[in-house]
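**Q** No sequence on hand, only this structure:
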């Protein structure tokens, strides 16, 4: 069976190499697709080698950036990270990343054995060269048995066996497509799951938001998330904040009989005279904070909007169906929400951005703090597992991450535990809290080379997840400070004396946030807007009518429209009030790029707003012109 697996890996890896050699792609998905077909259990088998477990990050917007931020925090903490950094976020992409890791380890191990064999030929008797050095009893002993597990883990890698990270199988950080999350978690149980937002996107593929929310709710209730799996949720998204309460086996909307109800009075609830509606105890259920749930959000009123945008998605209560009210609106429908009908409201997050300072497309500074454990939403301690930074019991949160004993009885100092241990102490405490040595809430200031309020959420999410995984605050700060924008996410490319900024715009909320950032940029805005309607974009481009392009008209310099549906864009811009004489339409992307560059003054900035496949087309054109590298080199 092992030989069959090795053969399947060889075939899959060869397919990826062939894809790269022929220029058909980067081999970020194809190897995994082939391997999963040849060996259906490959994902679970390869993922089993991750001693620190797997972390899944899923959202409509921000997966790639947040995965990059979290990976940087973990690497700064000395952990070996495996990631699908090129953005291949289906099961094939995760398997391909794990396959690349396994083959890299095997190559290093084989090269280590080769080096030792060559060194062995230079001295010593022949029987020692063949079998290794003698042991304490004078008998020859194979290197395979001389140093135990530490030797086996570090051989051929140059690692220091004394460091826990060197003896660990590493940790996986994978961005995962919204629809693929449940199947992937079912194949490889995660150590943590980070769910950040749900916005309208690719309706022909996903359906309405409620469809994805329901799938994620089923995942929260299922055994795919073990009792030790940490669930990190955005408290500002009404569709996600309630998922933590589904960690138990009860359905969210199970009828509830309060004190004084017919059932409490020993009356038959089915008696027609006793029937009356009873709402679920919204505040109690969502404020109960089951073990291993971390909530994050933004608590700075200075960055709020006065009203919901017209393209907001989740605007009704998931409990009773009535309209939600907002005390603070941040991005799309995110913010401080509440239902005045049933009492359901945004829970107070464990980790929150208390001050947000935005500085264009290239910088933001957040003051992120945790809660005092005695000041929860219900006035009680937060229940749960491990503290993300320091625990109130005075021990370090890293003790329970990669350095505890495993359930299989082996020594956990090698970091090869598959999941975070659940805290079973008598005194419950907050998960993910930032606490000082005296148990009081602390704040850390984090600066990132990213811009926009949407990236403030990405950074806060990464901090919450890193804290839940036991990364110290100063390490989090250092890790995030070194992260640059991912490909297509405000990425900068120099082209013919101009600066090209690529801002992926694949749905109404994402496009509106990019426009919000552009309006803070100085000078006239030279724009290249590219709209495709391929499978990865969604076949229905009608979402562009929910994008608020109109504020750009007064600031627009040159405007060039391109893509498979460029004339649909032209119609949208015309109906939006932009004089057709002020924009140019080019069906050919290379011609559109040439025109947009020529219309941008030398030394100026050209802002490109492409959909997903349009971004890939545009970057391929830029690679062909020698302006940048292929996106899969991000991995």
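**A** Happy to help now that I have it. As the structure is a prediction and not an experimental result, all values here were calculated from the model.

**Q** what about the helices in the stretch 501-635 of the chain?
**A** Using DSSP state H, counting those that start in this stretch, the helices found in the stretch 501-635 of the chain span residues 508-518, 566-575, 589-598, 612-624.

**Q** any idea which of those helices is most buried?
**A** helix 508-518 (a mean of 22; mean count of other CB atoms under 10 Å). C-beta: built from backbone N, CA, C; applies to glycine.

**Q** quick check: mean pLDDT across that helix?
**A** Mean pLDDT, helix 508-518: 96.

**Q** packing partners for it?
**A** For helix 508-518, the packing partners by 3 or more CB pairs under 8 Å, 6 or more residues apart in numbering; DSSP states H and E come out as helix 453-468, strand 498-503, strand 605-610.

**Q** pLDDT-wise, which helix or strand of this structure ranks last?
**A** helix 282-287 (a mean of 36; mean pLDDT, DSSP states H and E).

**Q** Can you name the next helix or strand after that helix?
**A** strand 293-298 (DSSP states H and E).

**Q** Strand partners (parallel or antiparallel) of that next one?
**A** strand 230-234 (parallel), strand 351-359 (parallel) (DSSP bridges).

**Q** what helices or strands is the helix or strand following that strand leaning on?
**A** The C-terminal neighbour of strand 293-298 among helices and strands, as given by DSSP H and E, is strand 325-329. In terms of contacts (3+ CB pairs under 8 Å, 6+ apart), strand 325-329 is packed against strand 335-338.

**Q** got the contact list for the strand it packs on?
**A** The contact list for strand 335-338, computed with CB atoms under 8 Å, 6 or more residues apart in numbering, reads 236, 238, 304, 324, 325, 326, 327, 328, 329, 344, 345, 346.

**Q** Let me know the closest of those residues to residue 567.
**A** The closest of those to residue 567 turns out to be residue 329 (CB to CB; 33.8 Å).

**Q** Using the record's assignment, carve this structure into domains.
**A** As recorded under automatic domain parsing, the domains making up the chain are 173-251+285-481, 489-634.

**Q** Pull up the per-residue confidence for residue 112.
**A** 62.

**Q** let's number from 41 now, not from 1
**A** With 41 as the first residue, the last one maps to residue 152.

**Q** Just put the helices and strands packed on helix 548-558 in CSV and tack on mean neighbour count, distance to residue 552 and mean pLDDT.
**A** As requested, these are arranged in CSV below (neighbours: other CB atoms under 10 Å; distance: least, CB to CB, whole Å; pLDDT from 0 to 100):
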stretch, mean neighbour count, distance to residue 552, mean pLDDT
helix 493-508, 29, 10, 96
strand 538-543, 21, 12, 97
strand 645-650, 25, 11, 98
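
**Q** Quick one, which of these gets closest to residue 109.
**A** Across the helices and strands packed on helix 548-558, closest to residue 109 is helix 493-508 (CB to CB), at 3.6 Å.

**Q** Compute the inter-axis angle for the closest one and strand 333-338.
**A** With axes from the mean of the first three to the mean of the last three CA atoms, to 10 degrees defining the directions, helix 493-508 sits at 150 degrees from strand 333-338.

**Q** what's the most buried one of the domains of the chain?
**A** domain 213-291+325-521 (a mean of 20).

**Q** was I right about residue 543 contacting residue 647?
**A** Yes - look at residue 543 against residue 647 with CB atoms under 8 Å: they come within range, at 6.5 Å.

**Q** picking up where we left off before, export the helices and strands packed on helix 548-558 to TSV and tack on distance to residue 57?
**A** Formatted as TSV, the helices and strands packed on helix 548-558 follow (distance: least, CB to CB, whole Å):
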stretch	distance to residue 57
helix 493-508	33
strand 538-543	28
strand 645-650	29
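
**Q** doesn't residue 84 make contact with residue 131?
**A** No - using CB under 8 Å as the test, residue 131 is too far from residue 84 to be in contact (10.9 Å).

**Q** hang on, the earlier thing: what touches both of residue 543 and residue 647?
**A** Among the neighbours of residue 543, those also in contact with residue 647 (CB under 8 Å, 6+ apart) are residue 558.

**Q** ranking the domains of the chain by mean pLDDT, which is last?
**A** Mean pLDDT across the domains of the chain is lowest at domain 213-291+325-521; the value there is a mean of 76.

**Q** Quote the end-to-end distance of that domain.
**A** 19 Å (CA to CA, to the nearest Å).

**Q** Could you dump the helices of the stretch 541-675 of the chain into a markdown table with distance to residue 565 added?
**A** Below are the helices of the stretch 541-675 of the chain laid out as a markdown table (distance: least, CB to CB, whole Å):
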| stretch | distance to residue 565 |
| --- | --- |
| helix 548-558 | 6 |
| helix 606-615 | 14 |
| helix 629-638 | 12 |
| helix 652-664 | 18 |
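
**Q** Minimum distance to residue 622: which of the ones you listed has it?
**A** helix 606-615 (8.7 Å).

**Q** And the contacts of that closest one?
**A** With CB under 8 Å, 6+ apart as the criterion, helix 606-615 contacts 569-571, 581, 584-585, 589, 599, 601, 603, 620, 623, 625-627, 632.

**Q** who's in contact with the nearest residue to residue 138 once chain neighbours are set aside?
**A** In space, and not counting its chain neighbours, residue 138 is closest to residue 86: 3.8 Å by CB to CB, 6 or more residues apart in numbering. Each residue near residue 86 by CB under 8 Å, 6+ apart is listed here: 135, 138, 139, 141, 142.

**Q** any idea which helix or strand carries the first one?
**A** Of the helices and strands defined by DSSP H and E, residue 135 is found in helix 131-160.

**Q** now, which of the contacts of strand 375-378 sits nearest residue 524?
**A** Proximity of the contacts of strand 375-378 to residue 524 (CB to CB) peaks at residue 276, which lies at 26.0 Å.

**Q** Pretty sure residue 671 sits against residue 652.
**A** No - using CB under 8 Å, residue 671 is not in contact with residue 652; the gap is 11.5 Å.

**Q** Can you tell me, leaving aside adjacent residues, what's nearest to residue 543?
**A** For residue 543, ignoring the flanking residues on the chain, the nearest one in space by CB to CB, 6+ apart is residue 554 at 4.4 Å.

**Q** For that neighbour, which residues are in contact?
**A** By CB under 8 Å, 6+ apart, residue 554 lies in contact with 492, 543, 544, 545, 649.

**Q** For the first one, give its distance to residue 647.
**A** Shown here: residue 492 relative to residue 647, a distance of 13 Å by CB to CB, to the nearest Å.

**Q** out of the helices of the stretch 541-675 of the chain, which comes closest to residue 49?
**A** helix 652-664 (27.2 Å).

**Q** picking that back up, mind putting the contacts of strand 375-378 into JSON lines with distance to residue 75?
**A** Supplementary listing: the contacts of strand 375-378 in JSON lines, determined by distance: CB to CB, whole Å:
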{"residue": "276", "distance to residue 75": "38"}
{"residue": "278", "distance to residue 75": "39"}
{"residue": "344", "distance to residue 75": "47"}
{"residue": "364", "distance to residue 75": "44"}
{"residue": "365", "distance to residue 75": "50"}
{"residue": "366", "distance to residue 75": "46"}
{"residue": "367", "distance to residue 75": "49"}
{"residue": "368", "distance to residue 75": "46"}
{"residue": "369", "distance to residue 75": "45"}
{"residue": "384", "distance to residue 75": "44"}
{"residue": "385", "distance to residue 75": "46"}
{"residue": "386", "distance to residue 75": "42"}
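
**Q** biggest separation within these, which pair?
**A** Farthest pair in the contacts of strand 375-378 (CB to CB) is 344 and 384. Separation: 20.4 Å.
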